[in-house]
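Student: I would like the atomic coordinates for the input below:
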Amino acid sequence: YSNSAVEDILGYKVKEVVGHHITELWVDDAKTSETLKWLQKTLVAGKGWKNFHGKFKHKNGTIIITESTAIPIFDSENKLTGYRGIDRDITQRKQAAEALQVEKAYLEQLFENSPEAIVVVDNDSRVLRANSEFTRMFGYTLDEALARSIDELLAPEDLREETFSLTKRVMGGEGVSLDSVRRRKDGSLVDVSILGTPIKVSGGQVAVYAIYRDITERKRAEEELRKSEEKYRTLVESIEEGLGNVDKKENFILANRAAAKIFGYSKKEELIGKNLKEFTTPEEFKRVLEETSLRKAGKSSQYELDIIRKNGESRIITVTASPVIGDDGKFRGTYAIFHDITERKRAEEERAKLEHQLRQSQKMEAIGTLASGIAHDFNNLLGGILGYSSLLLSKLPTEDANRKYVELIEQASNRAAELTNRLLGFARQGKYEVRPVDVNQLIGGVVELLSASINKKIKIRTNLCGENPFTKGDPNQLEQILMNLCVNAQDAMAGGGELSIYSQVVHLDKAFVSQHLGATQGDYVRLSISDTGMGMDEETKAKIFDPFFTTKEQGQGTGLGLSMVYGIVKNHGGYISCHSRLGKGTTFEVYLPLSKGALSQPRKGRVEPTSGSESILVVDDEEILRNLTKDILEGLGYGVMLASDGREAVDVYREHKGGIDLVSVDMMMPKMGGRETYQELRRINSGVKALLASGYSQDTAVQQILDLGVKDFLHKPFSLEEISHKVRKVLDAQ
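Tutor: Here you go, the predicted structure:
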């Protein structure tokens, strides 16, 4: 017999199973055979129900697990005649149970084999479960941990409150996560990350499921990173170069203090968000964008940039820029190093300026040496022409028709002599008559002369200091300085303008001297001569003191005016500078050493020739000048002896020691110069009277000879009146 449920469970109709052996429906395996034997044995032995799990084959071949109950059937004679069985399909339930068991085993393995310490604690913080990693991490056995308070096990004394609070929060249904410190069984501490989650355990009770992760290495790495970052920050903040990071639009997103300082800020935070465009002109920012295009292509670059700081100050910086390229290969911005090179650039400019000044000074010295040599030789030639012209004029009657030709020769000679004087002035050989000079008085005299002759469209303005400044020098030459500079200023203002002449007492300090080659520290009278004329470009300004350089048309200037001014200023121990811009006028500043002294005396008028009868020894290596001097002096009544050099002069003087009243000795001679000659003469006669003659002016070398005892100085070329006056003056001196 079989009911219709067999079709629902096994897929067979009733007629398909009735009459068939039960084992045909069972799964043929060892367990089924054992079950069958067990049934036969137990069912025959007793009359009760027997429950067991069976395995049937579904018609489609699948296995059906059943929960089966069997009972034996006996006849009246108590003879076993069969079995009555009930089978319930529990395949799904069995499979679910097995799956649950597998899941449970899996979870148990996860719990037990987790690389992180796991513990379950109840509402009183007692340990309910713990895995092997928990025991390993904290050093407790499982038996030592179970039923003990997690606070007592792991919490340091100062963290008991924290662990207690943690448990309560989780028991209240809150998940928590934190980093903290826990104590091992041996008392050592371990850094841990704790994750606490509420779970339900048997009986519906809530427990804490806590995971402890050892973060010692992470903490160590974090500490190393912190130290590294601190070291990096210290390094970045301590270096003088500015470091910055700008995005692709040139906005600052990172900067150190040095970078902030370069751009004029006291705090680096003030620079963040600023754009480089804010610190440059449109032209300079265009250059920045050009450099950015290079960096977009992945290329580093270095360039100079003119910036305007927060306070408006202009600075020059170098930018060393490296591109920041993202993982996608796109340009993200720039890392940049900023270095302020303003002072270096200024120093380079000053060095270039000083080098130019040095080259200019050396050039002027070389040309000056050449000019002085030419002027000396030229003076010797002029001396003969001028002297003989003067001598000839003294002998020609006033009505003589040839007199006018001689006068023309004398005029031409005087003009040539003026030219040589200019050359000597440039060559710094031109102080003839040195005495204290009132600079304000000098300016007043020049302005008075200019007022009568200057272009009426030009207004003269003066601003003189009230200290009556004096300098020691030759008033004639100092006047030439002012006249030349004022005449040049007039020429630069053909259409009219303003000529300003100032005087001021100033002190040149070390800073000024370090930037102006040729200047020395001390107190000076500064003369400023300014015009509002056409001005000069840099190329022209660099040549203005060169001899024979002129911007005037041919025939309108010799090019010696400013070179003579330069030489006179230098010869007076001064300094001259020029400031000019094309179309903005020109200012010359002349610095003359400040001196204390009385007002300069007015110059005397022309002195008439004087005569005498004394004996004079004329010493000169130029034959024409020897003979000229001899002719002039003999014409005045003097007795004259000649010597062509110093050695011959000493011999002549020794021979006629008592018969020579005056020696006229040239300063520059071969074999023995004027200084050595005079010293030898003094050895013969300590009271020898001497007159020094030279084509060079009264410079330091001349003054040194005068200081030895030479009575006076005669500048070549000389006229009859000049030599007669000088000779008489020395002869009459006590």
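
Student: Quick one: name whatever helix or strand follows the helix or strand hosting residue 260.
Tutor: Taking DSSP states H and E as the definition, residue 260 sits inside helix 257-262. Once helix 257-262 ends, the next helix or strand along the chain (criterion: DSSP H and E) is helix 282-296.

Student: Pull out the buried positions in that following helix.
Tutor: Within helix 282-296, the residues that count as buried by 16 or more other CB atoms under 10 Å are 284-285, 287-288, 291-292, 295. For glycine as for every other residue, the C-beta is placed from the backbone atoms N, C-alpha and C.

Student: Name the next helix or strand downstream of it, please.
Tutor: Once helix 282-296 ends, the next helix or strand along the chain (criterion: DSSP H and E) is strand 301-308.

Student: Show me what that next one is in contact with.
Tutor: For strand 301-308, the surrounding residues in contact (CB atoms under 8 Å, 6 or more residues apart in numbering) are 262-263, 279-281, 284, 287-288, 291, 294-295, 314-321, 341.

Student: picking up where we left off before, between the buried residues of helix 282-296, which sits nearest residue 532?
Tutor: Taking CB to CB as the measure, residue 532 lies nearest residue 284 of the buried residues of helix 282-296, at 33.5 Å.

Student: Report the contact partners of the closest one.
Tutor: Each residue near residue 284 by CB under 8 Å, 6+ apart is listed here: 305-307.

Student: Now pLDDT and neighbour count too, for these, in a markdown table please.
Tutor: As requested, the contacts of residue 284 are exported to a markdown table (pLDDT from 0 to 100; neighbours: other CB atoms under 10 Å):
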| residue | pLDDT | neighbour count |
| --- | --- | --- |
| 305 | 87 | 18 |
| 306 | 88 | 15 |
| 307 | 89 | 22 |
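
Student: At the geometric centre of this protein, which residue do we find?
Tutor: By CA atoms, centre = their mean, the mean C-alpha position of the chain lies nearest to residue 341, the distance being 1.9 Å.

Student: how far away is it from residue 299?
Tutor: 22 Å (CB to CB, to the nearest Å).

Student: In contact with residue 464, which residues?
Tutor: The contact partners of residue 464, taken as CB under 8 Å, 6+ apart, are 440, 443, 502-503.

Student: 7 Å - rerun?
Tutor: Shown in contact with residue 464 (CB atoms under 7 Å, 6 or more residues apart in numbering): 440, 443, 503.

Student: what sits against residue 515?
Tutor: With contact set as CB under 7 Å, 6+ apart, residue 515 has these partners: residue 350.

Student: Numbering from 49 from now on, please.
Tutor: Sure thing, new numbering starts at 49, so read that last one as residue 563.

Student: now it: how far from residue 179?
Tutor: Residue 563 sits 83 Å away from residue 179, going by CB to CB.

Student: May I have the residues that are in contact with residue 669?
Tutor: Residues near residue 669 by CB under 7 Å, 6+ apart: 692-693, 714, 717-718.

Student: Now the buried members of those.
Tutor: 692-693, 714, 717.

Student: Mind checking which of the residues you listed land in strands?
Tutor: residue 714 (DSSP state E).

Student: which two in the buried ones among the contacts of residue 669 are spaced the farthest apart?
Tutor: Using CB to CB, the buried ones among the contacts of residue 669 reach their maximum pairwise distance at 692 and 714, which is 10.0 Å.

Student: if we can go back for a sec, for residue 57, state which of the contacts of residue 669 is nearest.
Tutor: Distances from residue 57 to the contacts of residue 669, taken by CB to CB, are shortest for residue 718, at 151.6 Å.

Student: quick one: residue 661 and residue 685 touch, right?
Tutor: Yes - shown here, residue 661 and residue 685 form a contact pair, counting by CB atoms under 7 Å, at 5.3 Å.

Student: show me what contacts the residue nearest to residue 709 when sequence neighbours are not counted?
Tutor: Spatial nearest neighbour of residue 709, excluding adjacent residues (CB to CB, 6 or more residues apart in numbering): residue 662 at 3.9 Å. Shown in contact with residue 662 (CB under 7 Å, 6+ apart): 686, 709-710, 779.

Student: Now do the strands in the stretch 99-248 of the chain.
Tutor: Using DSSP state E, counting those that start in this stretch, the strands found in the stretch 99-248 of the chain span residues 111-122, 128-137, 165-169, 175-178, 224-231, 237-248.

Student: Name the stretch among those that sits most buried.
Tutor: Ranked by mean neighbour count, those are led by strand 165-169 with a mean of 22 (mean count of other CB atoms under 10 Å).

Student: roughly how far is that one from the heart of the chain?
Tutor: Computed by CA atoms, centre = their mean, to the nearest Å, the chain-centroid distance of strand 165-169 equals 64 Å.

Student: What strands line up against that strand, and which way round?
Tutor: Strand pairing for strand 165-169, determined by DSSP bridges: strand 175-178 (antiparallel), strand 254-262 (antiparallel).

Student: Averaged pLDDT, that strand. What do you get?
Tutor: Average pLDDT, strand 165-169: 90.

Student: One more: stretch 559-566?
Tutor: 77.

Student: hang on, the earlier thing: just checking, what packs against the helix holding residue 308?
Tutor: Where contact means 3 or more CB pairs under 7 Å, 6 or more residues apart in numbering; DSSP states H and E, helix 305-310 is packed against strand 290-295, strand 379-388.

Student: Reformat those as JSON lines; add mean neighbour count.
Tutor: Below are those laid out as JSON lines (neighbours: other CB atoms under 10 Å):
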{"stretch": "strand 290-295", "mean neighbour count": "20"}
{"stretch": "strand 379-388", "mean neighbour count": "19"}
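
Student: out of those, nearest to residue 146?
Tutor: Residue 146 sits nearest to strand 379-388 of all those, at 57.3 Å, using CB to CB.

Student: quick one: average pLDDT of stretch 309-329?
Tutor: Mean per-residue pLDDT for stretch 309-329: 89.
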